[in-house]
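Asks: Need the 3D shape of this:
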Amino acid sequence: MSRARPPPLVTGISPKEGPAWTKVTIRGENLGTGPTDLIGLSICGHNCMLTAEWMSASKIVCRVGPAKDDKGEINVTTKSGGLGTSTVSFKLLRPERIGILEQSAVWVDEVNYDMRTNRNKGISPFSLRPSNPLGVEMDKSKVPLKDLEQIFPGMSGDFTSENFSASWYLIENHAGSSFEQLRVAASNLKKQASKKNEGSMAYVKGGLSTFFEAQDALAAIHQRLESDGTEKVEGSMTQRLENILNRASDTADTLFQEVLGRKDKADSTRNALNVLQRFKFLFNLPLNIERNIQKGDYDVVINDYEKAKSLFGNTEVAVFKKVYAEVETRIEALRNLLLEKLLQTPSTLHDQKRYIRYLSDLHAPGDPAWQCIYAQHNWILQLMQNCRDEFISGKRVGVGALDLEGDTRLAALGRLGHSASLKRGGSLRSARPSTWRSETPQQVQFVEKLSDVVIGQLPNFWKLWISYVNGSLFSETGEKSGHVEKSKKNARQRQNDFKKMIEELTNRLVKLIRGALLPTTLPQGELNVYGGWEDKTELTGAWFTQIIHTVRGCHEALSTLEIPNDLLQVIQDLLLELRVHCVMVTLLHTAEDVKRLAGKEDWVVDNEGITSLPSKFEHCMIQMLQSLKEPLEIKPGEINVLQLEQVQDKATELSVSIMKVFINCLEQLSTKADEDFYVSHNISVDLSSPDRYSSIQEGFTPTSEQRLLIILSNCQYLERRTFLNLADHFEKHGLTGTEKINRVSVDAVRGLDSKLFEAYIERRADPIAGSLEPGMYAGYFDWRDCQAPTGVRNYLKEALVNIIAVHAEVFTVSKDLVPRVLSRIVESVADEMCRLMQCVSSFSKNGALQARLELCALRDAMAAYLNPDSNASFKQALDSLPPLQSGADKKLLEELLNKFKSSMQLQLACFQPSSVQPVKR
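Replies: So this is what the prediction gives:
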C-alpha cells in the first residue's frame, strides 16, 4: 500500500563528526511537511527528537546525544512518509581525558538545566523554560491538536517557538481557568520579568570591582610608559624589563643545554636505526609483493605498499627512488590483475566486493566499482540473449547460470512446486520425471530458464549497486583516503545511468518473453532479435498458466529487493497481457474440447432420460473455469482483467460461442445418419415389439427417432440444470456477462429443442394420422349405408396401438417427455379425425352412431393427453354428426364404449397417469 508522500531521504549532515551534544545540520529530501509531521529522529542510535528543530522539508537542526555507537546512520521518521533512509553517516568522537592544567570546554544542555529561582543568576533569560510560566494550576484542554492547528495555522503553543501563539497556549493549558486565576497569572509573569532584569543587573554589579582593578592596573602601566618615553633609555622601565627577560633566557639555556644535547644525540641514533630498518623493508618489498600475490595475500601486499608509500613516496635518494619505482611497477601489475578478476564473469558478490576494496586501497585510477557494475549489466544481458538463442537453435547447452540441471533449476522447481496440475503435456511438479524436458513445450522451458537467469543474477547486481551507493565497498583505509565520499558522489551522479541499466534488463526480459509468447505485440523490427518461435508448439491455456506463475515469481523476487515499482511496471504490463491471452486461449481451446464431446456420446440414459454428455460438458466447463483461477487471481499491484471492457466483451463472446458449439454438437448428433453409427447389437425396429423398450444398455445404437428423444431430454436438462449450474460457477469465478451467456444459451437450446421436437412429431404423428383415412374406408365402407355398430373398428384400434408404441418409445427414454409428445400426437390425430368427419356429406342413423362411437372411444382413451386444440377438434367433429334420436341409441353407445374400454383395458392402462412409473435400469 503506497504512502501519501515518499519516505525521508537524508543526503548530507554537517559536520560529519564530533563529540556528544554537537549541533548538526541535516539536509535531505522529504524531511516532513512541518514540525508536527516530524515524529522521529535518531543519530547513531540515539533519539534526538528533544533537540530537533524542523526548518524546512530539506533541513533539520539538532544536537547529537551521547550515543553508544561510534558511527551510525541518520534515521528520520515522518507521519506522511514513514521511516526514511540515509546515504550518509555521523561519526561520534569520544572525549579524551584532560589534565588539570589543560583547557576544556563543556556544553551545558539548557533543556535539562536546573531552573530553580536561586540559580538563575548569570543565565540568559531566553534559556529559561519553566514548566508552568503562569504559576497557576493548569487545566489541560480536550481540544484535539488537529483542531488547534486548523484554528491557528502556522502557529504553535510552545512558548519557546518563534511562532508562539498565546491564545493557543491558553486554550491548551488553561481552558478551565477562571478570570481571577488569569489575573494572578498575569501578576506572576510581571514578577518573573522583574526578577530576570534584577538577575542581569546583579550579574553586572558583582563584576564591577574586578573591572575597576583591571582598569586601574592598565592605567598605572600606561602612565609609567608615558613617563619613560618611547625610546630605549638606560635605566628606563622598558630597558630593565628587557634585561630581566634576557637573563632568564640565558639561565634557562645553561640549565638545559646538557639535557638537550643528549636528547639530540639519542634522536640521531634512533633515526639512523629507523632508516636502517626501512632500508631492509624497502629492498625486500618487491620480492615479498610477488610472493604474496602468488599466494593471494592481497591484504599483506596492500599494507606493505601503504607503508612503503608513506616512507619513500617523496624520497629524493636515488637508490630509494629506484627500488620504489620497482615497487610501483609490481603494484601496477597487481592493479591490472585485480581489475581483470573483477570484470571476469561469472563471479560472486563477495569476490566483487573484495576486489573493489583491494583496488580502492591500491588507489586504482577510475572507478572500479562502476566498471564492475557496467560489466555485470552487459553480462546479464548476454546471458538472457544466449538463453533465447540456444532454444531457437536447438542447442540447449547449459553454461553457468543457464544450466537446467544446476542449482538454479532446483530453486525454480522449489518455487513452482505448488503449481496446479496441467492436463496437457505432463504435470509441472517439484519431482520432475525424466521425460519432463521432452514433454514440456520449449517456450515454457525458455521462460523458466530465463526467469532463473534474472532471479539468480539481478539480486546480486542490485546489492552491488546499493553497496556502491552507501560506501560499504571500502575498507578503513578507503574511508580515510576519501574514497567513500568520492564513491557516494559518483553514485549520486550515476543514479540515472543505473536506472537505465535496470530498465534495459527488465525491458529485455519482457521483450524476450513477448517474442516467445506474444510476438504480435512486438514491433516488426524487433521480431528478428526476439522472435523466431513460429515453428514451436502452440501453447494451451494450462501452459500459459504455468508461465504466468513463473513470471509472477520473478516479479515477486525482484520486488523484495525494493527496486522502485516504476522500473518493474513493464513486467506488470506483460503479466496483464499474459493473463488476458491465457483467458482467451483457454476459452478457444475449450471450444475445441467441447466440439470433440460429440464423439464421446454413448447414448446410455439414466432414470431421468439423460446421457452422460451434459455432465461431460459441465465438467469440461468447470475444469476450464478452475484452470483460469490463477490467471484471474489479483496479486498486489495487479488489476482485474475482467474489469477491462474489451476483455469482458471478448470473454463473454467466447463463452457464448462455447455454449453454441455444444448445442451444435447436439444438433449434429440428432441429424447423423444411421449408417454412421457403429451397430454393436442387432435390434428390431418394430414399434410393437415390447422387448425393444426393456432398457437401453451400453453398446446400444439408437435409431434416429430415439436419438431425437434422447437429445430432447438432454436439451431440457441443459435448460433446467446445466446452464444454471454454469451460471453459478461463472459468477463464482468472477466472469462477467453471465446473464447474457445464460440468455443466449437458453434461447439457442430452446430453438434446438423446438426444431427436434417438430422433427420427431413429424416422423411419428404423420404415419398415424395418415393411416386413419385408409383404415376408415377399408372394405368400401360408406357412412350413408352401413349396418348397426357392434364396436370400435380395427383401424382405430391400430391407431391406438401405434400411439401406445410411441408412448413406449418415449417412456423408455424419458417419462418427462411423454405428456409433451403424446399431446401433440393426439392433437394431430384429433385434427385428422375432425377433417375426415367434416368431409362426409351425410350420415345414416347407423353411420352417425358408428362415427360418434369411434370419436368418443378415441377421445376417452386419450383423455390424459388432451389439450385445448385437441378438445376443440373432437368437439367440432362431434358437432358435425347428426344428434342421437333416441334413448336407445344413447344406451347402445354407452354399452359399446364400455365394451371397448373393457376389451382394451390392458393396452390403454399406459395412458393412465398412475401407471407412469420410472423404469429401473
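Asks: can you give me the helices for the stretch 151-300 of the chain?
Replies: With DSSP state H, counting those that start in this stretch as the criterion, the stretch 151-300 of the chain has helices at 166-173, 179-206, 208-228, 237-295, 298-312.
Asks: For L866, find the nearest of the ones you listed.
Replies: L866 sits nearest to helix 166-173 of all those, at 92.6 Å, using Cβ to Cβ. For every residue, glycine as well, the C-beta is placed using N, CA and C.
Asks: other SSEs contacting that closest one?
Replies: helix 145-151 (3 or more Cβ pairs under 8 Å, 6 or more residues apart in numbering; DSSP states H and E).
Asks: tell me which residues in the helix it packs on are buried?
Replies: 148-149 (16 or more other Cβ atoms under 10 Å).
Asks: Can I get that helix in CSV, CA atoms only?
Replies: The C-alpha coordinates for helix 145-151 follow below in CSV (Å, rounded to 0.1, in the frame of the first residue of the first chain):
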residue,chain,number,x,y,z
LEU,A,145,-4.4,19.1,18.4
LYS,A,146,-5.6,18.9,14.8
ASP,A,147,-8.4,21.4,15.5
LEU,A,148,-5.9,23.8,17.1
GLU,A,149,-3.6,23.6,14.1
GLN,A,150,-6.6,24.5,11.8
ILE,A,151,-7.6,27.4,14.1
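Asks: neighbouring contacts of that helix?
Replies: Defining contact as Cβ atoms under 8 Å, 6 or more residues apart in numbering, one finds that helix 145-151 is touched by 36, 157, 168, 171-172.
Asks: let's go with 10 Å and repeat that
Replies: For helix 145-151, the surrounding residues in contact (Cβ atoms under 10 Å, 6 or more residues apart in numbering) are 34, 36, 141, 143-144, 155-157, 165, 167-168, 171-172.
Asks: what about it, distance to the chain center?
Replies: On the basis of Cα atoms, centre = their mean, to the nearest Å, helix 145-151 sits 39 Å off its chain's mean C-alpha point.
Asks: try stretch 825-845
Replies: 77 Å.
Asks: How about stretch 381-391?
Replies: In this view, stretch 381-391 has its centroid 27 Å away from the chain centroid, taken as Cα atoms, centre = their mean.
Asks: try stretch 68-80
Replies: That offset, for stretch 68-80, works out to 31 Å (Cα atoms, centre = their mean).
Asks: Please apply the same query to stretch 648-656.
Replies: The chain centre lies 25 Å from the centre of stretch 648-656; the measure is Cα atoms, centre = their mean.
Asks: picking up where we left off before, out of the contacts of helix 145-151, which is nearest to E618?
Replies: E618 lies nearest to P144 out of the contacts of helix 145-151, by Cβ to Cβ, at 59.8 Å.
Asks: any idea how the chain splits into domains?
Replies: Per the TED database, the structural domains of the chain span 9-92, 256-343, 345-395+441-537, 778-910.
Asks: among these, which is nearest A727?
Replies: Closest of the domains of the chain to A727 is domain 778-910, at 22.1 Å (criterion: Cβ to Cβ).
Asks: Any idea how far apart the tips of the closest one sit?
Replies: Terminal residues of domain 778-910 lie 28 Å apart, using Cα to Cα, to the nearest Å.
Asks: quick one, what contacts R793?
Replies: Neighbour list for R793: 775-776, 778-779, 781, 850, 853-854, 857 [criterion: Cβ under 10 Å, 6+ apart].
Asks: Buried members of those residues into ChimeraX, please.
Replies: Buried subset of the contacts of R793, written as a ChimeraX selection, criterion 16+ other Cβ under 10 Å:
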select :775,776,850,853,854,857
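Asks: Between all of the contacts of R793, which two are separated the most?
Replies: Farthest pair in those, by Cβ to Cβ: G779 and A857, 19.2 Å.
Asks: wouldn't S823 be in contact with D869 here?
Replies: Yes - between S823 and D869 there is a contact under Cβ atoms under 10 Å: 8.9 Å.
Asks: quick one, phi psi at P133?
Replies: phi -70, psi -30 (degrees, to the nearest 10).
Asks: I misspoke; the intended subject was K23.
Replies: Per degrees, to the nearest 10, the backbone of K23 is at phi -80, psi 120.
Asks: 384 is where my numbering starts, stick with that
Replies: Will do, 384 is the new start, and the previous item becomes K406.
Asks: any idea how far it lies from K1043?
Replies: K406 sits 80 Å away from K1043, going by Cβ to Cβ, to the nearest Å.
Asks: What ranges does the stretch 834-983 of the chain have for its helices?
Replies: Assigned by DSSP H, counting those that start in this stretch, the helices in the stretch 834-983 of the chain fall at 859-863, 866-876, 878-900, 910-913, 924-942, 948-978.
Asks: Out of the ones you listed, which is closest to V827?
Replies: V827 lies closest to helix 924-942 among the helices of the stretch 834-983 of the chain, at 5.3 Å (Cβ to Cβ).
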